[in-house]
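> all I have is the shape, not the residue letters:
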C-alpha cells in the first residue's frame, strides 16, 4: 500500500496510484486536523492530487524529490514549508 494511515497522519510512499484516491478522500474527510506526509512520495496520480486540492490538508512533509516538491507546491497553491 502506497499510503500508510496513522491516527492523524497519512504517509505517502513511492508511487501513489489512482486506486488510493477513494481511500484517501474518505480518510481525510473522517480525520479532523489530519496531516499528510509526502516526504517519501516519488509519484502521485492526479486523482490523489485532486483530493489534496479539494480537502486542503496540512502538509507535514514535502517530497524529497525537488521537481515533485515544486510541482505539488504550485498545484496546491501553497508556500508551506518554505
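Looks like it arrived, so ask away. What you see is a predicted model, and the numbers here were worked out from it, not measured in a lab. Numbers count the residues shown, from 1 in each chain.

> need the helices for the protein, in chain order.
Ranges of helices in the chain, per DSSP state H, are 21-30, 46-55, 66-75.

> mind putting the ones you listed in TSV, distance to residue 2, mean neighbour count and mean pLDDT included?
Heads up, the C-betas are built off the backbone N, CA and C, glycines and all. Shown next, in TSV, are the helices of the chain (distance: least, Cβ to Cβ, whole Å; neighbours: other Cβ atoms under 10 Å; pLDDT from 0 to 100):
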stretch	distance to residue 2	mean neighbour count	mean pLDDT
helix 21-30	10	15	97
helix 46-55	9	16	97
helix 66-75	14	14	95
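
> what about those helices, which gets the closest to residue 9?
Proximity to residue 9, assessed across the helices of the chain by Cβ to Cβ, is greatest for helix 21-30 (10.3 Å).

> give me the distance from the closest one to the chain's centre.
Centroid displacement of helix 21-30 relative to its chain, using Cα atoms, centre = their mean, to the nearest Å, is 11 Å.

> and the angle for it with helix 46-55?
Taking axes from the mean of the first three to the mean of the last three Cα atoms, to 10 degrees, one finds helix 21-30 and helix 46-55 inclined to each other by 20 degrees.

> what sits up against helix 21-30?
The contact list for helix 21-30 (Cβ atoms under 8 Å, 6 or more residues apart in numbering) reads 3, 5, 10, 34, 45, 47-48, 50-52, 54-55, 57.

> could you pull out the buried residues of stretch 30-49?
By neighbour count on 16 or more other Cβ atoms under 10 Å, the buried set for stretch 30-49 is 31, 34-39, 41, 44-45, 47-49.

> go through those residues and flag which are in strands.
Using DSSP state E to define strands, the subset of the buried residues of stretch 30-49 located there is 35-39, 41, 44.

> got the buried residues of stretch 30-49 as a markdown table, with distance to residue 16 columns?
Below are the buried residues of stretch 30-49 laid out as a markdown table (distance: Cβ to Cβ, whole Å):
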| residue | distance to residue 16 |
| --- | --- |
| 31 | 17 |
| 34 | 16 |
| 35 | 16 |
| 36 | 11 |
| 37 | 12 |
| 38 | 9 |
| 39 | 13 |
| 41 | 6 |
| 44 | 5 |
| 45 | 6 |
| 47 | 9 |
| 48 | 5 |
| 49 | 9 |
